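[1] All I have is the shape, not the residue letters:
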């Protein structure tokens, strides 16, 4: 078990699962997250560390529900190169921790998996019922899955060859591509190295600095201002740390025309 501040996920709706849609990279051989997306580099699902929400603000509602309801299984879906939604893998969540944006009126949990398994993408239309219907309708980004669907998908993923190592190799290839063209693995973060579990020490600590009074994940202008150092950051989604000064939870959205 990871050391504090990680806590063990309590079993609750353990028989249910979550479907989570992520943006895949059009340059990828295996459909990993959108690492090379300009102005909005993606860090989740962070396959290489088996975490979700450690350094990003994506799907905060789902992460909160996972913790509060004890739903362990997350099944990942993407639309590789616009060819239609496909199932790519799963996490089994075992631990969680409060992130730097955690407030009374805003939950921010990082999730860590006990196991992860990614596969050759399976088009949703090729999956047997009832999972096909469950993954085809009624949601844009996340959806709770009933026990029969969760069991079906878990068996399907676990019975196919494990391609997790190939996904991680593809993450590294795209990071190198981004670094060659921008000097950063992740330009949005101004980060010139891969993500590792050592980042938990930074992103899960409490900050003693001024904290932004901000609950939004997206800025109408695509810009954010740091209340600590005053820097203006361009990115579609809010970042947990200011790329300029490195302080946590200090970015506020800049309104259109400001």
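    Ah, there it is. A quick note: this is a predicted structure, and the numbers were derived from the prediction, not measured.

[2] Nearest to the spatial middle of this protein, which residue is it?
    residue 44 (2.8 Å; Cα atoms, centre = their mean).

[3] and residue 95, what helix or strand is that in?
    Using DSSP states H and E, residue 95 sits in strand 86-98.

[4] right, I mislabeled it, should have said residue 177
    helix 164-182.

[5] Only the buried residues of the helix or strand following that helix, if you could.
    Per DSSP H and E, the first helix or strand lying C-terminal to helix 164-182 is helix 199-203. Burial within helix 199-203, assessed by neighbour count using 16 or more other Cβ atoms under 10 Å, is assigned to 199, 200, 203. Yep, even glycine has a C-beta here, placed from its N, CA and C like the rest.

[6] for the protein, which spans come out with low pLDDT?
    Applying pLDDT under 70 to the chain flags residues 1, 208-209, 258.

[7] Do a quick rundown of the strands in it.
    7-8, 17-21, 51-52, 73-78, 86-98, 109-123, 142-145, 223-226, 232-234, 251-253 (DSSP state E).

[8] Make JSON lines out of those strands and add mean neighbour count and distance to residue 60.
    Output for the strands of the chain, formatted as JSON lines (neighbours: other Cβ atoms under 10 Å; distance: least, Cβ to Cβ, whole Å):
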{"stretch": "strand 7-8", "mean neighbour count": "12", "distance to residue 60": "18"}
{"stretch": "strand 17-21", "mean neighbour count": "24", "distance to residue 60": "12"}
{"stretch": "strand 51-52", "mean neighbour count": "28", "distance to residue 60": "10"}
{"stretch": "strand 73-78", "mean neighbour count": "24", "distance to residue 60": "14"}
{"stretch": "strand 86-98", "mean neighbour count": "22", "distance to residue 60": "12"}
{"stretch": "strand 109-123", "mean neighbour count": "20", "distance to residue 60": "8"}
{"stretch": "strand 142-145", "mean neighbour count": "19", "distance to residue 60": "11"}
{"stretch": "strand 223-226", "mean neighbour count": "22", "distance to residue 60": "16"}
{"stretch": "strand 232-234", "mean neighbour count": "16", "distance to residue 60": "19"}
{"stretch": "strand 251-253", "mean neighbour count": "22", "distance to residue 60": "15"}
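
[9] Using TSV, lay out the ones you listed together with distance to residue 177.
    Listed next are the strands of the chain as TSV, based on distance: least, Cβ to Cβ, whole Å:
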stretch	distance to residue 177
strand 7-8	37
strand 17-21	24
strand 51-52	23
strand 73-78	19
strand 86-98	20
strand 109-123	20
strand 142-145	29
strand 223-226	26
strand 232-234	21
strand 251-253	27
